[in-house]
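In: Everything below, folded, please.
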Amino acid sequence: MSDLQNARARLFERSCKLHKTLRVELGETASPGYRERCALEDPERKPLSEEYWKQLFPEYAAFAEAVRQELAAKPAFDRGRPVTSDDLWLWGGPTPEWGGSLLPDTLLRTAKYFNAVNGVYVYGPTSREMISRHGGMKKLLAMVTTTCRAPGQQPESDVECAEKLSRLSLEFPCVAGGMMDDMTAASDAVTPEKIRQVSSVSAALKKHNPALELFGVVYRHELGKKDYSGILPYIDGVNLWHWYQEELLDLEENVSLCRTIFPGKKILMGLFLHDYGTSDAGTLPELLLYQLQGARSLLARGEISGLVILGDREILKWPEQAAAVKGFLEAR
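Out: Next up, the predicted model:
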């Protein structure tokens with residue numbers, strides 16, 4: 001195995017052991033000082049494990065060095081063009097999970113931090129009150145399915161939720177469409193039941209406003225393993241995420257594969273400040289900057305339509321990562 005593969009294996013093994021010994025749930029880790037940061041900014045957030053990161057650090061440091069060696073051998077991206085505020089989307093909404101915030105305007109706060117004008121509103125209810133609260137955003141995609149929804153926040157069926165958003169879009173012009181989180185992540189295949197679900201949600205979303213677009217979350221590790229042809233007629237775009245941070249080393253190839261699997265569909269590329277798949281800790285800042293450099297090139301070539309930062313709950317968890325992304329975007 002390569003140095004990176006070895007370091008990755010050791011890091012992942014250490015992460016699994018720490019989750020058991022420290023009894024830490026996925027996504028509930030943070031860098032030291034998290035409690036103090038929350039006390040100042042968002043005191044209602046539940047505590048996260050800072051000890052996890054301290055004990056993981058030796059293996060993470062070795063992994064980081066192996067990634068840096070890989071990055072050093074990579075050719076530079078074309079300069080492309082700046083990631084403007086119009087290109088930028090912020091993913092967020094009130095949730096008690098994963099170190100999330102219960103503040104109803106948590107997405108708006110994060111959008112200001114990154115100077116984004118577009119939002120992907122998730123987790124909370126799809127209601128007139130909440131859509132109105134986000135009505136000042138330029139474009140808004142809102143959650144239309146129960147998958148990953150905060151407990152008790154979607155009392156209706158997915159179809160009813162999508163049709164409600166369709167009606168609300170006539171009142172709030174910022175609503176650009178709906179988002180299906182983890183669209184096919186729960187299954188090893190795109191089942192007939194899933195195809196029927198996507199079809200019915202799409203029809204409900206467009207019932208009162210045919211201009212609305214339906215997006216679904218897909219992960220790099222799903223591509224090439226599932227047959228998405230059955231849902232292609234019913235979606236307008238995908239939100240592509242890299243669950244394992246080292247996958248970002250093949251960013252251009254991953255986007256090219258996504259474009260092949262979803263021909264003619266818009267691609268919003270997701271950016272995780274928190275690496276859920278490999279370390280359950282902050283994403284290596286060098287990889288975030290590499291992804292941002294790639295985003296400039298991909299935007300200039302029209303291969304992606306925008307960049308989505310999952311950021312509303314992560315800024316306080318991983319301030320170094322958040323600051324690296326913010327600094328890059330401000331420097332243009």
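
In: rest of the way, CA atoms for contacts and neighbours
Out: Will do.

In: quick one: contacts for the residue nearest to residue 93 when sequence neighbours are not counted?
Out: Closest residue in space to residue 93, ignoring its immediate chain neighbours: residue 122 at 5.0 Å, by Cα to Cα, 6 or more residues apart in numbering. Taking Cα atoms under 8 Å, 6 or more residues apart in numbering as the criterion, residue 122 is in contact with 91, 92, 93, 94, 142, 143, 149.

In: Surely the fifth one is in a strand?
Out: Read that as residue 142. Yes. According to DSSP: H, G, I helix; E, B strand; the rest coil, residue 142 belongs to a strand.

In: Enumerate the beta-bridge partners assigned to it.
Out: Residues in a beta bridge with residue 142, per DSSP bridges, are residue 121, residue 178.

In: just to revisit the earlier point, dump the contacts of residue 122 to a markdown table, plus distance to residue 116 and secondary structure.
Out: Formatted as a markdown table, the contacts of residue 122 follow (distance: Cα to Cα, whole Å; DSSP: H, G, I helix; E, B strand; the rest coil):
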| residue | distance to residue 116 | secondary structure |
| --- | --- | --- |
| 91 | 10 | strand |
| 92 | 12 | strand |
| 93 | 15 | coil |
| 94 | 18 | coil |
| 142 | 16 | strand |
| 143 | 19 | strand |
| 149 | 23 | coil |
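
In: Make TSV out of those residues and add neighbour count, pLDDT and distance to residue 46.
Out: Below are the contacts of residue 122 laid out as TSV (neighbours: other Cα atoms under 10 Å; pLDDT from 0 to 100; distance: Cα to Cα, whole Å):
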residue	neighbour count	pLDDT	distance to residue 46
91	24	98	20
92	28	97	17
93	30	97	16
94	23	97	13
142	28	98	25
143	30	98	24
149	20	96	18
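
In: in stretch 75-83, what's buried?
Out: 82, 83 (16 or more other Cα atoms under 10 Å).

In: what does it rub up against?
Out: Residues contacting stretch 75-83 (Cα under 8 Å, 6+ apart): 293, 294, 295, 296, 297, 298, 299, 300, 301, 329, 332.

In: Helix, strand or coil: sort out residue 215 for me.
Out: strand.

In: Kindly report the same for the one 10 residues further on.
Out: Three-state secondary structure (criterion: three-state DSSP) places residue 225 in coil.

In: Equivalent analysis for residue 99, please.
Out: Residue 99 is classified as coil under three-state DSSP.

In: number of nearby residues for the residue nearest to it when sequence neighbours are not counted?
Out: Once flanking residues are discounted, residue 99 sits nearest to residue 28: 5.7 Å by Cα to Cα, 6+ apart. Using other Cα atoms under 10 Å, the number of residues around residue 28 comes to 20.

In: For the longest helix anywhere in the chain, give me every contacting residue.
Out: Ordering each helix of the chain by length in residues (DSSP state H) puts helix 51-72 first. The contact list for helix 51-72 (Cα under 8 Å, 6+ apart) reads 3-4, 7-8, 10-11, 14-15, 18-19, 22, 24, 29-32, 246, 249, 279, 281, 284, 286.

In: Just the ones of those in helices?
Out: Filtering the contacts of helix 51-72 for helices - DSSP H - leaves 3, 4, 7, 8, 10, 11, 14, 15, 18, 19, 286.

In: Give the burial count for the closest residue to the third one other than its chain neighbours, as a bare number.
Out: Counting by Cα to Cα, 6+ apart, the nearest residue to residue 7 once its immediate chain neighbours are dropped is residue 63, at 4.8 Å. Neighbouring residues of residue 63 were enumerated by other Cα under 10 Å; the total is 24.

In: That's all I had, so thanks and see you.
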